[in-house]
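Student: pasted the sequence and its predicted model underneath.
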Amino acid sequence: MSILTPFRQWLFRLRPDEHLPIVLTQRRIFIIPAPSGLLFAAVLCLMLIGAVNYNLSLGHALVFLLAALGIVAMVHTFRNLVALRLTPGRAEPVFAGETARFHLLLENTRRHDRRSLNLAFGEHEKVNLDIPANAQAMIAIPCPAPTRGRLEPGRITLSTRYPLGLFHAWSYPHPRLSCLVFPKPVETPLPPPSAVAHTGHRRGDSGDEDFTGLRLRQPNDSPRHIAWKAVARDIDHRPLLVKQFAGGSAEQLMLNWASTAAEHDLETRLSILAGWVLGAEQQQIRYGLRLPTCDIEPALGAAHRDACLEALALYA
């Protein structure tokens with residue numbers, strides 16, 4: 001560890017902020033001249049040299065007026081950030097390769113507007129906003145999510161060059177933000193479901209089920225369930241239909257880690273399982289998940305889907 005590390009952690013607030021909301025005090029805001037500000041200062045120096053050389057009173061007055069204008073701009077640039085209050089919000093889960101969006105609530109408790117605020121995670125895409133006086137605004141800051149797992153974007157860079165662009169002021173708020181990144185799903189045919197009685201005992205294909213209708217055939221459906229008589233009426237134009245039954249038994253899937261091809265790498269096998277989870281949920285087939293580290297019993301619904309995807313995202 002470098003001897004400068006503790007100093008950098010204190011100066012730039014590299015540790016996550018524990019207390020909420022985060023208030024940008026004077027000690028947390030940094031300000032330096034922008035490139036345009038340096039050019040402005042150089043031009044003033046040349047103007048001052050010319051005014052002194054030719055003994056121009058109006059030249060001196062113009063130089064000092066413009067210098068005072070620059071100082072006032074510096075104060076307003078600093079004031080545009082000071083006393084802002086930030087509260088982190090919730091980030092929705094995403095799939096690997098997508099862009100996560102972290103919500104942040106900004107509160108302006110002062111009687112002046114906050115203009116041209118820029119927020120970003122490091123060098124990623126910036127988001128701009130204005131906040132009226134005594135108001136608040138919710139903003140979503142994007143951050144790429146290239147790999148599965150728990151994404152922690154780190155500190156936020158909040159900056160501004162308002163009002164004249166002569167000075168660049170910034171701060172590094174660091175709320176505790178995280179987002180769950182699911183494996184990128186791969187679409188493959190579902191494994192064949194098993195017929196399970198409502199009492200929990202396995203049953204065969206015959207029984208006292210009641211016929212409830214027809215549906216389009218899926219790749220994993222057994223040929224024995226195809227309604228051949230209905231298809232034969234218009235075999236050239238009618239798609240394959242499958243009989244649906246209810247009453248005695250129901251279909252369910254157990255999405256097993258062992259069912260994925262062993263020659264695939266870890267991420268590919270997790271992506272296949274994620275595709276199966278989404279496919280089973282879309283077809284409304286009860287499904288469970290069996291991993292080497294955990295088992296999730298068969299069920300349906302958004303909460304069950306998210307629980308399975310979370311297990312895949314955090315699998316190590």
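Tutor: Cool, the structure landed.
Student: now do stretch 67-85, average pLDDT.
Tutor: Mean pLDDT, stretch 67-85: 97.
Student: so how far is that stretch from its chain's centroid?
Tutor: Stretch 67-85 sits 32 Å away from the centroid of its parent chain (Cα atoms, centre = their mean, to the nearest Å).
Student: what's that stretch in contact with?
Tutor: With contacts defined as Cβ atoms under 8 Å, 6 or more residues apart in numbering, stretch 67-85 is touched by 21-26, 29, 31, 37, 40-41, 44, 106-110, 112, 114-117, 158, 160-164, 166-171. Just so you know, the C-beta spots here come from the backbone N, C-alpha and C atoms, and that holds for glycine as well.
Student: buried ones in that stretch?
Tutor: 70, 73-74, 76-78, 80-82, 84 (16 or more other Cβ atoms under 10 Å).
Student: in helices only, show me the contacts of stretch 67-85.
Tutor: Judged by DSSP state H, helices contain the following of the contacts of stretch 67-85: 37, 40-41, 44.
Student: any of those buried? List them.
Tutor: 37, 40, 44.
Student: how about the second one, what does it touch?
Tutor: Going back to what we said before, that points to residue 40. Contacts of residue 40 (Cβ under 8 Å, 6+ apart): 66, 70, 166.
Student: what pairs with residue 159 across the strands?
Tutor: Listed by DSSP bridges, the beta-bridge partners for residue 159 are residue 118, residue 170.
Student: reformat the contacts of residue 40 as TSV; add distance to residue 175.
Tutor: Listed next are the contacts of residue 40 as TSV, based on distance: Cβ to Cβ, whole Å:
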residue	distance to residue 175
66	40
70	34
166	30
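Student: which single one of those residues is nearest to residue 243?
Tutor: residue 166 (75.9 Å; Cβ to Cβ).
Student: and that closest one, how many neighbours?
Tutor: The number of residues packed near residue 166 is 21, by other Cβ atoms under 10 Å.
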